[in-house]
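S.K.: following is a predicted model, sequence given first.
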Amino acid sequence: MTFRFKSAVAALAGASMLMSLAACGTTDEGEAAPEGTVTQGYDVSSVAKDDAIAALVPDSVKSDGKLSVGMELSYAPAEFLAADGTTPLGYDVDISHALAKVMGLESEIVSSTFDSIVPSVGAKYDLGITAMTITPERLDAVDFVSYYKAGSTWAVKKGNPNGVDTSNLCGLKVAVQTGTVQEQEANDANANCPADKKIEVLSSKLQTDAATNVVTGKADVFYADSPVAGYAISQTGGQLEALGGNVGSVKQGIAIKKGDAAMDEAVQKAMTKLMDDGTYMNILKHWGVESGALDKAEINPTDLE
């Protein structure tokens, strides 16, 4: 099974409390970033319109001059809200702005819950860019253009005081975000546990809450996309640590209305242009996540790893 990648932003609300981790959220308001996190996105003002690519964009998308993008704004450093609680930040945000400029449009970020994004693409907004893993199931519902690659990471309290062994999670409390592949994997593992040692899967709408559950002792371990988990760990003042290395490495994609071949091509060519001119890599480096860069953008890739 593949993973959903998104990053979390966290901070301490006192000596022992995790303040706010950015992850896929439960409200349309998103999650504001605490002090100490990156406060500015990458400047894409120099990205120019490409007339040939702009001509590919369907009239239904460009008629209002905007490229609307659905995001779950609590998943730093992919996407989250700045300290003002209003301004979207993150590499997915920067990529969305850059794509819009190539298409000659104004980007419009629409805050949404993660599990609502796939059903809303092509209706509520033009694209879904939210660190979403490309899976066969999602490919049945939307088209994808690949743009990033990430794995998943387990995280526990510093020193692993509960002796968590990810090869045998039976009897443990596992915190995950609702609607993610990590949640599905935890449920799949639970199906193999004996009746008297079931996994308690603590599913939260916010990745923030999943990490907080481990910090506060409500869960033994949390499971999230590797950039998300890594960013969350770095913000907890040493309270959390990764358990083992990254698990797997899978592609994430930009979700597009199913069967919209013209928009598929426009997005693929725009992403390719950003890769070729260096903008894409500069954005990823700005956020420290360049290790997940892809060398090409593909429409509905068949190789998901």
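M.R.: That came through, no problem. Quick caveat: nothing in here was measured; it's all calculated off a predicted structure. Residues are numbered from 1 along each chain as shown.
S.K.: any idea how far apart the tips of stretch 274-290 sit?
M.R.: End-to-end span of stretch 274-290 (Cα to Cα, to the nearest Å): 14 Å.
S.K.: buried ones in that stretch?
M.R.: The neighbour-count check on stretch 274-290 (16 or more other Cβ atoms under 10 Å) flags 274, 275, 279, 280, 282, 283, 284, 286, 287, 289 as buried. Where C-beta positions appear, they are placed from N, C-alpha and C, glycine not excepted.
S.K.: what about those residues, which are in helices?
M.R.: Among the buried residues of stretch 274-290, the ones falling in helices (DSSP state H) are 274, 275, 279, 280, 282, 283, 284, 286.
S.K.: from residue 79, how far off is the nearest residue to residue 88 once chain neighbours are set aside?
M.R.: Spatial nearest neighbour of residue 88, chain neighbours left out: residue 109 (4.5 Å); criterion: Cβ to Cβ, 6 or more residues apart in numbering. Per Cβ to Cβ, to the nearest Å, residue 109 is found 8 Å from residue 79.
S.K.: out of those two, which sits in the busier spot?
M.R.: Comparing residue 109 with residue 79 by other Cβ atoms under 10 Å, the one with more neighbours is residue 79, at 34 against 23.
S.K.: which residues sit in contact with the more buried one?
M.R.: Going by Cβ atoms under 8 Å, 6 or more residues apart in numbering, residue 79 touches 6, 22, 71-73, 88-93, 109, 129-131.
S.K.: state the distance from it to residue 227.
M.R.: The value you get for residue 79 to residue 227, if Cβ to Cβ is used, is 11 Å.
S.K.: and residue 294, how close does it get to residue 78?
M.R.: Applying Cβ to Cβ to residue 294 and residue 78 gives a distance of 15 Å.
S.K.: out of the two, which sits in the more crowded spot?
M.R.: Legend: neighbour count by other Cβ under 10 Å for residue 294 and residue 78, higher for residue 78 (36 against 16).
S.K.: does residue 194 touch residue 170 like I think?
M.R.: Yes: assessed by Cβ atoms under 8 Å, residue 194 is found in contact with residue 170 at 6.8 Å.
S.K.: quick one: secondary structure of residue 145?
M.R.: Here residue 145 is recorded as strand under DSSP: H, G, I helix; E, B strand; the rest coil.
S.K.: actually residue 270, not the one I typed
M.R.: Look at residue 270: counting by three-state DSSP, its state is helix.
S.K.: what residues are up against the nearest residue to it once chain neighbours are set aside?
M.R.: Spatial nearest neighbour of residue 270, chain neighbours left out: residue 102 (4.2 Å); criterion: Cβ to Cβ, 6+ apart. For residue 102, the contacting residues are 47, 48, 49, 50, 53, 54, 270, 273, 274, by Cβ under 8 Å, 6+ apart.
S.K.: what's the helix or strand of the chain with the lowest mean pLDDT packed up against?
M.R.: The weakest-scoring helix or strand in the chain, judged by mean pLDDT, DSSP states H and E, is helix 226-234 (a mean of 81). Here helix 226-234 touches strand 142-157, helix 207-215, strand 221-225, strand 240-257, going by 3 or more Cβ pairs under 8 Å, 6 or more residues apart in numbering; DSSP states H and E.
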